[in-house]
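Asks: Sequence and predicted model, in that order:
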Amino acid sequence: MDWEEVVPQDDGLHTYLSIKFPLYDATGVPYAICGISTDITERKRAEVALCSSVATNRALLNAIPDLIFRISRDGIFVNFKTAKENNLPILPSEFLVNTYLKCCQQR
């Protein structure tokens, strides 16, 4: 049998992966139970942090508006992402590598 158990320690709760199994004598009769426990506290903390990070990233991706773009320090459009394909009011060639002001003047 194997399972995870949470055990209080001086520095807080620790999670252990415990495995228990019978020991048999030469005739095949069980005479004892052996148990091995491995502290997996750090692994469990990492799993919780990863799940939290995945949930945060999923929420951020779901919150992306219909259009998001990146502009360089010089004010030039360098890339973009739309929520739906071909959902841009103008062609990418009309605004990529152009400045915001130039794109507005074209319209």
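Replies: Nice, thanks for sending it over.
Asks: who's sitting farthest from the centroid in the protein?
Replies: Thr27 (51.3 Å; CA atoms, centre = their mean).
Asks: So that one lies in a helix, does it not?
Replies: No. Membership of Thr27 in a helix is not supported by DSSP: H, G, I helix; E, B strand; the rest coil, which gives coil.
Asks: Next, give phi and psi for it.
Replies: Note on Thr27: its backbone torsions stand at phi -90, psi 0 [degrees, to the nearest 10].
Asks: what separates it from Lys81, distance-wise?
Replies: Applying CB to CB, to the nearest Å, one obtains 70 Å for the distance of Thr27 from Lys81. Yep, even glycine has a C-beta here, placed from its N, CA and C like the rest.
Asks: same deal with Asp2?
Replies: 45 Å.
Asks: same check, this time on Glu42
Replies: 36 Å.
Asks: Could you do Ala26 as well?
Replies: The separation that Ala26 has from Lys81, given CB to CB, amounts to 69 Å.
Asks: Ok, Val29 next?
Replies: The span separating Val29 from Lys81 equals 68 Å under the rule CB to CB.
Asks: Give me the more crowded residue out of these two.
Replies: Neighbours were counted for Val29 and for Lys81 using other CB atoms under 10 Å; Lys81 has more, 11 against 8.
Asks: Check what pLDDT the more buried one gets.
Replies: At Lys81, the pLDDT value in this model is 73.
Asks: cool, and Gln106?
Replies: Per-residue confidence (pLDDT) for Gln106: 57.
Asks: do the same with Leu101
Replies: pLDDT recorded at Leu101 is 65.
Asks: and the closest residue to Leu23 other than its chain neighbours, how far is that from Arg43?
Replies: On the basis of CB to CB, 6 or more residues apart in numbering, the spatially nearest residue to Leu23 that is not a chain neighbour turns out to be Ala32, at 4.5 Å. With distances taken as CB to CB, Ala32 is found 29 Å from Arg43.
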